[in-house]
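S.K.: I would like the atomic coordinates for the input below:
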Amino acid sequence: MAKKKTTPEPTQQVTHEPQNASNATETASEPVLKVTSVDIGSISADPANARKHGDKNLDAIKGSLRRFGQQRPIIVDSKGIIRAGNGTWMAAKALGWKKIAVIVSDLSQSELTAFAIADNRTAELAEWDDAVLKQQLADLQAESPDDFGATGFTDDELAELLKEEEPAEQSSEAEGTGGVGLGQPVVQYAIIFDTPDQQDRWFNFLRYLKKRYPEPETLAARLDLYLRQVDLT
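M.R.: You can find the predicted model right below:
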């Protein structure tokens, strides 16, 4: 099984050219950022933050921070007030972090308020490609269970996303008319193991398939190649 990864707190400073507020509008397309690691207690949550962070949201952020570390800095104003990333800061504090990576923005207070709203709203406007999401989750479940468990979804949500779909039933109208008939269903399975040993053997088998059949991109294609070479009679 994959070993649990220990994620260090951000301790290094990454510096780029500082942002110039006077020409921010003209140069907004160019990344001019200064990322700094600061004491987590030296910055504070935005008291006027319009975005709420419930327990479910914070648990998901904590899971991500544990597994992947902080991959995106928090945005603060010149007074150390967090204008984007309040949830990340709250989750990091709950995990006992002492340091956190930030960018001090030169935007005005009104610009920062608008940016904070836009930062959340633009994320809300994105949509999942359900088919791609299910395939990626299935691959993660098979090949990297630790990463699979840190995707932000609860166990129940993951089970729902990966649940087996009932094959479409063949009807007389479907025969000969291009409908879905017997032998043609597309089915996705969520495997439930009875013991850790069963799970370990399954993941070892999947790693074997990937090593033996490196060309196919999906687990289904690798499994199909394997079954074609096995006598099932």
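S.K.: okay, now R207: neighbour count?
M.R.: If you count neighbours by other Cβ atoms under 10 Å, R207 ends up with 12. All C-beta spots, glycine's among them, are computed from the backbone N, C-alpha and C.
S.K.: With S44 instead?
M.R.: Using other Cβ under 10 Å, S44 is surrounded by 13 other residues.
S.K.: Give me the pLDDT for the most centrally placed residue in the chain.
M.R.: Closest residue to the average C-alpha location of the chain: T151 at 4.2 Å, with Cα atoms, centre = their mean. At T151, the pLDDT value in this model is 93.
S.K.: before we move on, what about D59?
M.R.: With respect to pLDDT, D59 scores 94.
S.K.: My guess is the residue nearest to the centre of the chain contacts A138. True?
M.R.: No. Distance between T151 and A138: 11.9 Å, which falls outside the contact criterion (Cβ atoms under 8 Å).
S.K.: Now do the strands in this protein.
M.R.: Using DSSP state E, the strands of the chain run over 14-15, 34-39, 74-76, 82-84, 99-104.
S.K.: Quick one: mean pLDDT for the first one?
M.R.: I take that to be strand 14-15. Per-residue scores along strand 14-15 average to 45.
S.K.: Same question for the third one.
M.R.: Per-residue pLDDT values across strand 74-76 average out to 96.
S.K.: rewinding a little: closest to A114 out of the strands of the chain?
M.R.: Of all the strands of the chain, strand 82-84 sits nearest to A114, with 10.2 Å by Cβ to Cβ.
S.K.: So which other helices or strands are in contact with that closest one?
M.R.: Counting contacts by 3 or more Cβ pairs under 8 Å, 6 or more residues apart in numbering; DSSP states H and E, strand 82-84 is packed against strand 74-76, helix 109-124.
S.K.: Could you tell me which residues within that strand count as buried?
M.R.: Residues of strand 82-84 classed as buried: 82-84 (neighbour count, 16 or more other Cβ atoms under 10 Å).
S.K.: Make CSV from the strands of the chain and add distance to A118 to it.
M.R.: As requested, these are exported to CSV (distance: least, Cβ to Cβ, whole Å):
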stretch, distance to A118
strand 14-15, 24
strand 34-39, 21
strand 74-76, 12
strand 82-84, 10
strand 99-104, 16
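S.K.: rank these by mean pLDDT and give me the bottom one.
M.R.: It's strand 14-15: among those, that one has the lowest mean pLDDT, namely a mean of 45.
S.K.: Helix or strand with the lowest mean pLDDT in the protein?
M.R.: Within the chain, no helix or strand scores below strand 14-15, which has a mean of 45 by mean pLDDT, DSSP states H and E.
S.K.: how near is R83 to S105?
M.R.: Using Cβ to Cβ, to the nearest Å, R83 is found at 7 Å from S105.
S.K.: repeat for A123
M.R.: Applying Cβ to Cβ, the value for A123 to S105 is 18 Å.
S.K.: Which one's more surrounded, these two?
M.R.: Neighbours per residue, other Cβ under 10 Å: of A123 and S105, the larger number sits with S105, 20 against 8.
S.K.: before we move on, the earlier item: which ones are touching the residue nearest to the centre of the chain?
M.R.: Listed by Cβ atoms under 8 Å, 6 or more residues apart in numbering, the contact partners of T151 are 137, 140, 158.
S.K.: And A91, by the same measure?
M.R.: By Cβ under 8 Å, 6+ apart, the residues touching A91 are 58, 61-62, 65.
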